[in-house]
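S.K.: Build me a structure from this.
(2 chains)
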Amino acid sequence: MTPTVLRPLAFGLASSLLMLAQAAAGADGEAIIQKGGANPAAMPCMSCHGADGKGMAAGGFPRLAGLPEAYLAKQLADFRAGRRESPLMQPIAQALTEAETAAVAGSYAALPKVNVKASALERPREGTGAWLALRGAWDRNIPECTLCHGPSGVGVGDAFPPLAGQSAEYIEAQLRAWRGTPAQPGNRKTKPVAAVPPTRRNDPNGLMQHIAADLTEAEIKAVAAYFAGMGETTESFDASQHRLR
Amino acid sequence: MMMITPRWLGAALLPLLAAQALAAEPARNPRLDDQTQLPKAPTRALGQTYFQPPAEADMPSNAYGDLVRRGQDLFMNTKALAPEYVGNEMNCVNCHIDRGRKANSAPLWAAYTMYPAYRKKNNKVNTFVERMQGCFQFSMNGKAPAPDSEVLTALTAYAYWMSSGVPIAKAMPGRGFDEPPLPRGGYDIARGRVVYDKQCAICHGADGEGRKVGATSVFPPLWGKDSYNWGAGMHRINTAAGFIQHNMPLGRGKTLSDQEAWDVAAYINSHERPQDPRLVNGDIDETRKRYHAEDGVNLYGVVVDGRKLGQGVR
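M.R.: Predicted coordinates:
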């Protein structure tokens, strides 16, 4: 046999082996979402993230539908490595194989993205969630959220996830996870409270952590409500209508 | 007898056409060609805060307030609202951070009261409007709106409003970009590339192309056809180093050392970008001599990696 004949054969063999390996590992993203991974500890994703992948606000379960594939895979790796702590998600991420992680990230990314109607350029009032989202707080080096998370918070590329489509509960929880809480000195009436270190430590180059750390509790609530309030529209619309400013 | 062939005709017509094209170009305002660097701002005294411009909520609700708001809109959204004057994908706010309010990002409140500016070096006077026209021509790689245009009137009103309370002709701390001194060992483009790949590419792209969402530029381009041109102040490595050290990576200003800021500024400004519109006789060397040789630290007309920079891209 000449190498020219061999090459396509070898290629075909390799790809069918790969498919076989995937099948053996059960790396079918759809199946993992509905029935869980091969390891029973990898529970079906839809039981928490919803049948349509849009999450469940009450449980603080985030939307996964339409998030960037690379972002989803990175989060699962971060849970596994402990850079992002969560008593619910860490054991699940640890129970997924590499192939399962890649497959399920691909399946969620393929679901429809959040569809936010582009609103007219609004003039936010200082002290509101909209102000933080559209103007930032530059005196504390906090850029407007939309400058990284995109117009109307629809996300930018693989590294900057959408905030639109997420619930206020989830957004607040993530901001607190990055912030942690400082120690409270005790007095005669109250016991001292130890500091809680941040439980999410996975943002690239520390781009997000300092922002969460410098927001007040009231600001966290206001800005979370702003992005949660974007809602989702079923009307078809052209994404090129989004305006940043 | 001479044969009039089409080719001959073409050759004879060509210079004529070229002359006509030249005549159609409006005469350049020589004062716009003067992009002299800003003088160094006074340093802030210990414990002194930077000037606080008025709050957006304090824009009055009358015709004046409307003009000021229009100026702010134009400043943030220049490309979309004044496309006829913008030749790239930039907006004023991309370099004048926080709507022109942030200290050490060439804030408008530290600029407005410093004009008309007299320059001893060439015995010329530059008005505030001319300075903004310069940013349209070079930073925005576009066309300067007329001095009495709606666009420049609104932008002037915005700068005037923001400067309420700043004494006339008093240099304010926070003006310009507060450049770090050139490190003792100079700068290094290769080292700058390492900083760029690690800290900047995530937003500005592996090839400095920036990033859009829909029609909107979210992360502005740093080089190439959609960025500032070779005549813009930001093409000076020293100026870019100041901007970057104070403002980049976004939200994490003041985290790069002087060395890192200079290195990464040199890396960015060692890439091609649109031609300097002041190009003299189509000649890079002549243009360097006239406009770049004494303009801070820059690489226009300099050979880097065997290639002369300043070719321009469209």
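S.K.: what pLDDT does the spatially most central residue of chain A get?
M.R.: Centroid-nearest residue in chain A, with CA atoms, centre = their mean: A:Pro161, separated by 5.9 Å. pLDDT, A:Pro161: 98.
S.K.: Would you mind listing the residues in contact with it?
M.R.: Neighbour list for A:Pro161: A:Leu67, A:Pro68, A:Tyr71, A:His149, A:Gly155 [criterion: CB atoms under 8 Å, 6 or more residues apart in numbering or on different chains]. All C-beta atoms are positioned from the backbone trio N, CA, C, and that covers glycine.
S.K.: cool, and B:Leu108?
M.R.: Going by CB under 8 Å, 6+ apart, B:Leu108 touches B:His96, B:Gly100, B:Arg101, B:Tyr158, B:Ala159, B:Met162, B:Ser163.
S.K.: And A:Lys54, by the same measure?
M.R.: Residues counted as contacts of A:Lys54 (CB under 8 Å, 6+ apart) are A:Arg63, A:Ala65, A:Gly165, A:Glu232.
S.K.: Recalculate using a threshold of 6 Å.
M.R.: A:Lys54 is in contact with A:Arg63, A:Ala65, counting by CB atoms under 6 Å, 6 or more residues apart in numbering or on different chains.
S.K.: With the one 3 residues further on instead?
M.R.: Neighbouring residues of A:Ala57 by CB under 6 Å, 6+ apart: A:Ser167, A:Glu169.
S.K.: and it, how far is that from A:Leu175?
M.R.: 16 Å (CB to CB, to the nearest Å).
S.K.: picking up where we left off before, now the contacts of B:Leu108: which count as buried?
M.R.: Buried residues within the contacts of B:Leu108, counting neighbours by 16 or more other CB atoms under 10 Å in any protein chain shown: B:His96, B:Gly100, B:Arg101, B:Tyr158, B:Ala159, B:Met162, B:Ser163.
S.K.: Show me what the helix or strand the fifth one falls within is in contact with.
M.R.: Looking back up the chat, that one is B:Ala159. Here B:Ala159 sits within helix B:150-162, counting by DSSP states H and E. Residues from elsewhere that reach helix B:150-162 (CB under 6 Å, 6+ apart): B:53, B:67-68, B:70-72, B:74, B:82, B:108-109, B:112, B:129, B:132, B:145.
S.K.: wouldn't B:Asp188 be in contact with B:Trp262 here?
M.R.: No. Contact criterion CB atoms under 6 Å: B:Asp188 and B:Trp262 do not qualify, at 8.5 Å.
S.K.: who has more neighbours, the two?
M.R.: The neighbour comparison of B:Asp188 against B:Trp262 (other CB atoms under 10 Å in any protein chain shown) goes to B:Trp262, with 30 against 15.
S.K.: is it true that that one lies in a helix?
M.R.: Yes. Counting by DSSP: H, G, I helix; E, B strand; the rest coil, B:Trp262 is part of a helix.
S.K.: Now it. Nearest residue, chain neighbours left out?
M.R.: The shortest distance from B:Trp262 to any non-neighbouring residue, by CB to CB, 6 or more residues apart in numbering or on different chains, is to B:Tyr187 (4.2 Å).
S.K.: and that neighbour, what pLDDT?
M.R.: Looking at B:Tyr187, its pLDDT is 98.
S.K.: close enough to count as contact, it and B:Val264?
M.R.: No. Counting by CB under 6 Å, B:Tyr187 stays clear of B:Val264, with 9.2 Å between them.
S.K.: These two: which has the busier surroundings?
M.R.: Taking other CB under 10 Å, B:Tyr187 and B:Val264 do not tie; B:Val264 has more neighbours (30 against 23).
S.K.: Could you check how far the residue sitting nearest the centre point of chain B is from A:Gly150?
M.R.: Among the residues of chain B, the one closest to the centroid is B:Ser139, at 3.1 Å (CA atoms, centre = their mean). B:Ser139 is 24 Å from A:Gly150, where distance means CB to CB.
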